[in-house]
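Structure of the sequence below:
(one chain, ligands or ions: 1)
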Amino acid sequence: MPSGTDERQRELFERAADFARESLNDDIPGRNRDGVFDRAAWKLCAEFGLLKMAIPDEGESMPRLSDLIAVMEGLGYGSDDQGLLFSLNAHLWTTMVPLVLYGTQEQRERYLPGLADGTLIGANASTEPEAGSDVYAMKTTARPADGGGYFLDGTKTYITSAPVADLLVIYATLDEKAGPLGITAFLVEADTPGLERSPAFDKMGLRTAAMGRVDLRQCWVPDSAVLGRPGRGSWVFESAMEYERGSILAACLGVMRRQVEKAVQHARRRQQFGEPIGKFQAVSHRIAEMKVRLDAARALVQRIGVLKDEGKDATLEAAVAKLYVSEAYVQSSLDAVRLQGAKGYLSANAESWQLRDAVGSLLYSGTSDIQHNIIARELGL
Ligand SMILES: Cc1cc2nc3c(=O)[nH]c(=O)nc-3n(C[C@H](O)[C@H](O)[C@H](O)COP(=O)(O)OP(=O)(O)OC[C@H]3O[C@@H](n4cnc5c(N)ncnc54)[C@H](O)[C@@H]3O)c2cc1C
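This is a model prediction of the structure:
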């Protein structure tokens with residue numbers, strides 16, 4: 001960890017990295033090839049204490065984000081199961097944090113213990129086939145039912161953990177014409193009649209994360225399923241996105257750090273033209289750029305931790321972090337392949353799947369174009 005990080009976070013990072021090295025690296029090439037989500041590893045992460053960190057300490061209203069970021073970086077440093085770590089992130093930022101911030105006492109008591117001890121997996125369902133970046137154009141409706149509650153109808157897609165989740169935060173509109181003001185968030189248990197899920201999609205990267213579709217047909221939920229207030233789902237969504245954009249790439253910092261270390265070792269050892277390739281400036285400068293990107297990316301993510309721990313808004317800074325870190329992660333992952341040569345291109349080697357995992361980061365939690373739009377908007381443009 002860098003010198004700016006306090007002792008407590010250095011310790012959290014080391015403990016998480018040790019745990020991940022020992023417990024999360026079982027047959028990653030095989031599980032990546034076959035696209036297998038590992039529920040047992042999820043449970044181990046919960047037992048390690050990761051998920052309960054999203055629940056604020058006694059007397060606090062928010063979780064300590066800097067600590068969570070340090071742990072996530074440690075997990076990413078110790079393990080290459082980025083699909084699992086990505087799914088855990090989605091669960092933390094878009095299910096647990098919204099429950100902590102907007103849940104009623106009853107909702108929190110009902111769901112937070114299971115979400116923290118690994119028995120319940122959470123998912124966030126906002127994207128639809130015709131509403132991706134333009135999320136508030138969603139067509140999934142919430143129609144008040146005569147005897148109370150709501151009927152949900154519509155389709156959500158590209159939902160992380162949908163095929164394996166137990167609890168979904170589903171966004172639907174009470175009034176399509178009202179845009180963001182019609183959106184309402186609902187806590188929906190996966191076995192609710194009228195909710196169907198697809199099997200896991202086959203995808204390019206993050207293959208150990210289970211992504212799928214959710215179909216809602218006359219899916220009745222009680223009034224007590226509303227998270228936050230009716231018509232105020234955009235508040236829930238925006239605050240979840242602020243946490244997610246700012247923190248979801250913390251685990252990737254761990255990967256970027258390993259990439260730098262491995263690149264240095266390889267450039268010292270691999271000989272071409274009678275000398276180590278690290279003696280060629282084209283190679284050593286490429287690795288120097290990887291190091292610069294890593295340090296800049298880490299500072300941007302840690303800034304989110306500091307801001308949120310001080311109770312400050314981080315909308316702008318979260319978009320800056322998401323944009324910079326995802327682009328840096330892809331570039332460094334591509335450089336890691338280049339440095340290994342053909343070996344890095346083989347599917348069995350980490351460089352190849354790290355690059356495929358990294359590409360997803362340009363899309364989830366808002367694409368890079370959307371982060372540019374948010375930054376411009378926050379600057380008053
Ligand atoms: C790995 C992964 C996990 C995901 N997990 C979830 C999840 O758990 N829950 C969930 O709800 N969704 C999830 N998504 C979906 C994700 O939120 C969407 O993919 C994302 O919002 C983009 O929407 P889209 O794919 O429909 O692309 P589109 O919105 O169709 O965008 C296509 C292209 O147009 C560009 N574009 C669109 N609008 C603008 C604009 N105004 N200005 C500039 N450029 C623009 C985009 O940047 C992109 O390049 C996930 C996606 C991925 C890849």
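
and G366, what does it touch?
The neighbourhood of G366, defined by C-beta atoms under 8 Å, 6 or more residues apart in numbering, consists of 133, 241, 245, 319, 322, 374. All C-beta spots, glycine's among them, are computed from the backbone N, C-alpha and C.

is it true that the third one touches I370?
Translated: R245. No. Using C-beta atoms under 8 Å, R245 is not in contact with I370, being 9.8 Å away.

Settle it for me: which of the two has more neighbours?
For R245 against I370, the residue with the higher neighbour count under other C-beta atoms under 10 Å is R245, and the figures read 28 against 19.

Run through the helices of the stretch 201-350 of the chain in chain order.
If DSSP state H, counting those that start in this stretch is used as the criterion, the helices of the stretch 201-350 of the chain fall at 233-247, 250-269, 281-309, 315-340, 350-360.

and the contacts of G366, which are buried?
241, 245, 319, 322, 374 (16 or more other C-beta atoms under 10 Å).

As a markdown table, those with distance to E14 and pLDDT would be great.
What follows is the buried ones among the contacts of G366, written out as a markdown table (distance: C-beta to C-beta, whole Å; pLDDT from 0 to 100):
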| residue | distance to E14 | pLDDT |
| --- | --- | --- |
| M241 | 30 | 96 |
| R245 | 26 | 94 |
| A319 | 30 | 98 |
| K322 | 26 | 98 |
| I374 | 34 | 98 |
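
what phi and what psi does the backbone show at the residue in the chain positioned nearest to the ligand?
Among all residues of the chain, G132 sits closest to the ligand, at 1.8 Å; criterion: C-beta to the nearest ligand atom. Listed backbone geometry of G132 is phi -100, psi -90, with angles given as degrees, to the nearest 10.

and the residue lying closest to it once chain neighbours are set aside, how far is that from I248?
By the measure of C-beta to C-beta, 6 or more residues apart in numbering, the closest residue to G132 outside its immediate chain neighbours is Y158, 7.9 Å from it. Note on Y158: its distance to I248, by C-beta to C-beta, to the nearest Å, is 15 Å.

Those two: which has the busier surroundings?
Neighbours around Y158 and I248, counted as other C-beta under 10 Å, are more numerous at I248. The numbers are 27 against 18.

and that one, what is it in contact with?
Contacts of I248 were listed using C-beta under 8 Å, 6+ apart, and they are 86, 89-90, 93, 322, 361, 364-365.

Report pLDDT for it.
Reported pLDDT at I248 in the predicted model: 94.

got it, and the one 5 residues further on?
With respect to pLDDT, L253 has a value of 98.

That one reaches G76, doesn't it?
Yes. Under the contact definition of C-beta under 8 Å, L253 touches G76, with a separation of 6.4 Å.

List the beta-bridge partners for M211.
With beta bridges defined as DSSP bridges, M211 has these partners: T160.

how near is it to L187?
Using C-beta to C-beta, one gets 20 Å for the distance from M211 to L187.

Neighbour count: the two, which is higher?
Set side by side, M211 and L187 show unequal neighbour counts under other C-beta under 10 Å, the larger going to M211 at 27 against 22.

Format the helices of the stretch 201-350 of the chain as TSV; extra columns: distance to the ligand.
Below are those laid out as TSV (distance: least, C-beta to the nearest ligand atom, whole Å):
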stretch	distance to the ligand
helix 233-247	9
helix 250-269	13
helix 281-309	19
helix 315-340	11
helix 350-360	4
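
Which of the ones you listed sits closest to A16?
helix 250-269 (8.7 Å; C-beta to C-beta).

and the angle for that closest one with helix 315-340?
Taking axes from the mean of the first three to the mean of the last three C-alpha atoms, to 10 degrees, one finds that helix 250-269 is oriented at 30 degrees with respect to helix 315-340.

low-confidence ranges in the stretch 1-150 of the chain?
Low-confidence segments of the stretch 1-150 of the chain, defined by pLDDT under 70, are located at 1-5.

domain ranges for the protein?
Listed by automatic domain parsing, the domain ranges of the chain are 7-121, 123-231, 237-378.

how far does the longest one sit from the chain's center?
On the basis of C-alpha atoms, centre = their mean, to the nearest Å, domain 237-378 sits 14 Å off its chain's mean C-alpha point.

end to end, how far does it reach?
The first and final residues of domain 237-378 sit 17 Å from each other (C-alpha to C-alpha, to the nearest Å).

helix/strand/coil for the residue lying closest to I28 once chain neighbours are set aside?
Distances taken as C-beta to C-beta, 6+ apart put D80 closest to I28, at 5.2 Å, once the chain neighbours are dropped. Taken by DSSP: H, G, I helix; E, B strand; the rest coil, the conformation at D80 corresponds to coil.

For D80, give me its contacts.
Residues 25, 28, 255, 350, 353-354 are the ones in contact with D80 under the rule C-beta under 8 Å, 6+ apart.
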